[in-house]
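Participant: model the structure of this input:
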Amino acid sequence: MHPTHIDTPERAWLVATAHDNQPHAEVEDYLRELRALTATAQAEIVGETICRLRTLHPATFIGRGKAQQIGANLSAAGASLVIFDDDLTPAQGRTLEDILGVRVVDRTQLILDIFAQRALTLEGGLQIELAQLRYLIPRLRGLWTHLERQKGGIGLKGPGEKQLELDRRRIEQRIHRLQSQLQHVRQRRAELRRGRRRHGWALLTLVGYTNAGKSTLLNRLTQAGVQADNRLFATLDPTTRQLQLPNRQQCLLTDTVGFIRKLPHHLVEAFKATLEEVNEADLLLHVIDASHPRVDEQIAAVELVLRELGAQHKPVLAVFNKVDLERGRNQAIRLAERFRHAVAISAATGEGTEALGQAIADLLHDRVTHLHLKIPAGEGRWIAALHANGKVLTQKVRGRHLLVEAIVSAGFAATLDPAWVQED
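Facilitator: Sure thing, here's the model as predicted:
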């Protein structure tokens, strides 16, 4: 699916599946998310079907009869493709295309296409290409089957089989080159993080479900000016900005790509160069759309991806966003019982952001130190440095010395003359 390369939007028929006893409201929420994904991919929705299944069908996923019923509606609706809210095996995708007579796109393909549209940097482009090629390899045979049928039904004998193997080797070679390039990206990011560590700055990373308000919060806290549209996956490439906490501690806050229910595993793998910011963080800010009707599932989806990344044991501050909405306020009270550390805010209005800053400072308290200093009067430049890198609580002159009480980062404290440090 590549709607960005055509003048008119593709016309899509959506298919969501549900268990027989699944509540309609729950199914409707899933379908609403699929609609949002489809709109983000710039396709026009011309119809939709909810298939209630007792069991999944190995050949067609939804059953041949249901597939034929959908196919009967496609021509009149002018649909050019059918989008499934589930992942399909290569064989299921081919069989469904034969029955429906149009292209079939599964959930992973849809998300990959959205990522491809949003990849604005070299790093993002490399990562999405890697994910797309990994998705393509097991589907090569099906692609060649369709090509050969167009040539007269030769099948995959002779030249077709050779071409298939040639294509597979070329793709695997390209994957190897992409992995090598991304390794350089990871090394470059590691160098940047080491530089930040030398400054003694704490590293904070925003994580959360897509469209939970992470970018809006980054803008609110740091005036970053990043794009913060009300749409899925508005942010793909990470953005890092400096943040000063109430105790004057300097931090770096990074916004990352949003997670989503059933996020493809190989997409997580491909984006590990970017998502390493999660593993390297001193504190994760889990931004939660407290107003969303399926907020508990969104929290579970984020926690699942964190486990995939090996970041499940990282310190987490839950940030319940959108409490300016009534449902957000009500659900934030309930959700607070699930988390050890939580703050309720509205990134849109600024409500609660001062409390958020203080909560971050409290959780990072072991990264700062409370000092009583006796600094020679001739070292006045250090007073300016203390104000810039920490919080000066008291300051007075005594003879030829300046007596200062301050809270500074452990890293900055290490740069001070040990002779200046006084016992409490």
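
Participant: residue boundaries of the strands in the stretch 101-250 of the chain?
Facilitator: Along the stretch 101-250 of the chain, counting by DSSP state E, counting those that start in this stretch, strands occupy 103-105, 202-208, 239-244, 250-255.

Participant: can you give me the domain boundaries for the chain?
Facilitator: Domain assignment of the chain by automatic domain parsing yields the ranges 3-116, 122-182, 201-363, 367-422.

Participant: what mean pLDDT does the last one get?
Facilitator: Model confidence over domain 367-422 averages 83 on the pLDDT scale.

Participant: same question, the longest one
Facilitator: In this model, domain 201-363 has an average pLDDT of 89.

Participant: could you tell me the end-to-end distance of that domain?
Facilitator: Taking Cα to Cα, to the nearest Å, domain 201-363 runs 14 Å from one end to the other.

Participant: buried residues, stretch 116-136. List them.
Facilitator: By neighbour count on 16 or more other Cβ atoms under 10 Å, the buried set for stretch 116-136 is 116-119, 123-124, 126-136. Where you see a C-beta, it was placed from the backbone N, CA and C, and this is true even at glycine.

Participant: quick one on the thing from earlier: and the strands of the stretch 101-250 of the chain as JSON lines, adding distance to residue 366?
Facilitator: Formatted as JSON lines, these follow (distance: least, Cβ to Cβ, whole Å):
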{"stretch": "strand 103-105", "distance to residue 366": "49"}
{"stretch": "strand 202-208", "distance to residue 366": "10"}
{"stretch": "strand 239-244", "distance to residue 366": "18"}
{"stretch": "strand 250-255", "distance to residue 366": "14"}
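
Participant: tell me which of the ones you listed is the most buried.
Facilitator: Of all the strands of the stretch 101-250 of the chain, strand 202-208 carries the top mean neighbour count, a mean of 25, counting by mean count of other Cβ atoms under 10 Å.

Participant: now it, how far from the centre of its chain.
Facilitator: On the basis of Cα atoms, centre = their mean, to the nearest Å, strand 202-208 sits 11 Å off its chain's mean C-alpha point.

Participant: parallel or antiparallel, list what pairs with that strand.
Facilitator: Next to strand 202-208 in the sheet, as set by DSSP bridges, lie strand 250-255 (parallel), strand 283-289 (parallel).

Participant: of all those strands, which lies closest to residue 78?
Facilitator: Proximity to residue 78 (Cβ to Cβ) singles out strand 283-289 among the strands paired with strand 202-208, at 34.6 Å.

Participant: CA atoms only for that closest one, dumped as PDB, please.
Facilitator: The C-alpha coordinates for strand 283-289 follow below in PDB (Å, rounded to 0.1, in the frame of the first residue of the first chain):
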ATOM      1  CA  LEU A 283      13.700   7.500  34.100                       C
ATOM      2  CA  LEU A 284      10.800   6.600  31.800                       C
ATOM      3  CA  LEU A 285       7.800   8.900  31.600                       C
ATOM      4  CA  HIS A 286       4.900   6.700  30.500                       C
ATOM      5  CA  VAL A 287       2.400   9.200  29.000                       C
ATOM      6  CA  ILE A 288      -1.100   7.700  29.200                       C
ATOM      7  CA  ASP A 289      -4.200   9.100  27.600                       C
END
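
Participant: so what touches the next helix or strand after it?
Facilitator: Past strand 283-289, further along toward the C-terminus, the next helix or strand under DSSP states H and E is helix 295-308. Helix 295-308 has contacts (Cβ atoms under 8 Å, 6 or more residues apart in numbering) with 207-209, 212, 259-263, 265, 268, 278, 284, 286, 288-289, 292, 312, 314, 331, 335, 338.

Participant: buried among those residues? Make that a PyMOL selection.
Facilitator: Of those, the buried ones go into a single PyMOL selection, burial set by 16+ other Cβ under 10 Å:
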select buried, resi 207+208+209+212+259+260+261+263+268+278+284+286+288+289+292+314+331+335
